[in-house]
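Participant: need a 3D model of the sequence below.
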Amino acid sequence: MSTVTSPGIAIADAAGGPTTASGASSTGRASARLADPAEQQDRFLKLLVTQLKNQDPMNPMDNAQMTSQIAQINTVTGIQQLNETVKGITAQFSAMQLVQGAQLVGREVLLQGDALTIDESGAQGSFDLAADASNVRIEALSAGGRVVASRELGALGAGRHEASFAPGSLASALGGAGGSGSLRLRVVATSGSEPVAATTYTRDKVTAVSARNGALQLQLGSGRSATTADIQSVL
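Facilitator: Just a heads-up that it's a prediction; the model follows:
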């Protein structure tokens, strides 16, 4: 904060320290440490009133200078108040996000990944095709990369499609693990002789939500965590 001064006038500030026309003040460092906007504004106004009372009548303070000083203190106060307002809005937004995120608990979501969801009905996943394909084949891969099941889906249009494998086709891959295991989805799509890009998605269930650094964090049934930006679809 700038201090209003006038040539040849010594002013006692609000803390009792002398301030000279050169701007040297024994309490300047203490004044700079004041964090409360109200205290800063009160201190400034006391200095300004004292300045006006003791200014040289032959060399009065310029109106433009006084206006500039008042504008500066108002700007500082306004910025500090704006910062406090923004902090309050951010806290309210985080709380609202948490309440909304709680509605996802227990719901299945789609996230980018190739892990197949395995249950009594078989294995399920999803995928997106970047363009129309004349032939699409989906494959279920073991942890070691071996193809344990495959299906020909024929021609499919661009967009999202479901991938599923019946329990019987996975029996050899899952039988040794008591009907459970880890399988990955691979999509092989072509348009004529040209390959078509495919993005695979995995299903997971939201078990809990929390807020971290202002962002909503989702805890998933697989043990991983994700943000709302990771969710491609709510099932």
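
Participant: strand partners (parallel or antiparallel) of the longest strand seen in the chain?
Facilitator: Assignment by DSSP state E gives strand 198-212 as the longest strand of the chain. Strand 198-212 sits in its sheet next to strand 108-112 (antiparallel), strand 122-129 (antiparallel), strand 215-220 (antiparallel), going by DSSP bridges.

Participant: name the residues of that strand that are buried.
Facilitator: 198, 200-206, 209 (16 or more other CB atoms under 10 Å). Backbone N, C-alpha and C define where each C-beta goes, glycine included.

Participant: what segments of the protein are strands?
Facilitator: Under DSSP E, the chain gives strands at 11-12, 18-19, 108-112, 117-119, 122-129, 133-141, 147-156, 159-165, 184-191, 194-195, 198-212, 215-220, 225-227, 231-234.

Participant: can you put those strands in TSV and add distance to residue 99 and mean pLDDT?
Facilitator: Below are the strands of the chain laid out as TSV (distance: least, CB to CB, whole Å; pLDDT from 0 to 100):
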stretch	distance to residue 99	mean pLDDT
strand 11-12	54	40
strand 18-19	53	46
strand 108-112	18	91
strand 117-119	28	86
strand 122-129	28	93
strand 133-141	39	96
strand 147-156	39	94
strand 159-165	29	94
strand 184-191	34	96
strand 194-195	45	96
strand 198-212	9	89
strand 215-220	10	84
strand 225-227	17	86
strand 231-234	16	88
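
Participant: residue 54 is nearest to which of those?
Facilitator: For the strands of the chain, proximity to residue 54 was assessed by CB to CB; strand 11-12 is nearest, at 6.4 Å.

Participant: pull the number of nearby residues for the closest residue to residue 235 other than its chain neighbours.
Facilitator: Setting aside the residues directly before and after it, residue 235 is nearest to residue 108 in space (CB to CB, 6 or more residues apart in numbering), at 4.1 Å. When neighbours are counted by other CB atoms under 10 Å, residue 108 registers 16.

Participant: ok, residue 100 next?
Facilitator: 12.

Participant: per-residue pLDDT, it?
Facilitator: The per-residue pLDDT reported for residue 100 equals 74.

Participant: sorry, back to before: make JSON lines out of the strands of the chain and add distance to residue 45.
Facilitator: Supplementary listing: the strands of the chain in JSON lines, determined by distance: least, CB to CB, whole Å:
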{"stretch": "strand 11-12", "distance to residue 45": "13"}
{"stretch": "strand 18-19", "distance to residue 45": "15"}
{"stretch": "strand 108-112", "distance to residue 45": "57"}
{"stretch": "strand 117-119", "distance to residue 45": "68"}
{"stretch": "strand 122-129", "distance to residue 45": "64"}
{"stretch": "strand 133-141", "distance to residue 45": "75"}
{"stretch": "strand 147-156", "distance to residue 45": "74"}
{"stretch": "strand 159-165", "distance to residue 45": "65"}
{"stretch": "strand 184-191", "distance to residue 45": "71"}
{"stretch": "strand 194-195", "distance to residue 45": "74"}
{"stretch": "strand 198-212", "distance to residue 45": "42"}
{"stretch": "strand 215-220", "distance to residue 45": "43"}
{"stretch": "strand 225-227", "distance to residue 45": "48"}
{"stretch": "strand 231-234", "distance to residue 45": "54"}
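
Participant: for those, which one sits closest to residue 51?
Facilitator: Of the strands of the chain, nearest to residue 51 by CB to CB is strand 11-12, at 5.8 Å.
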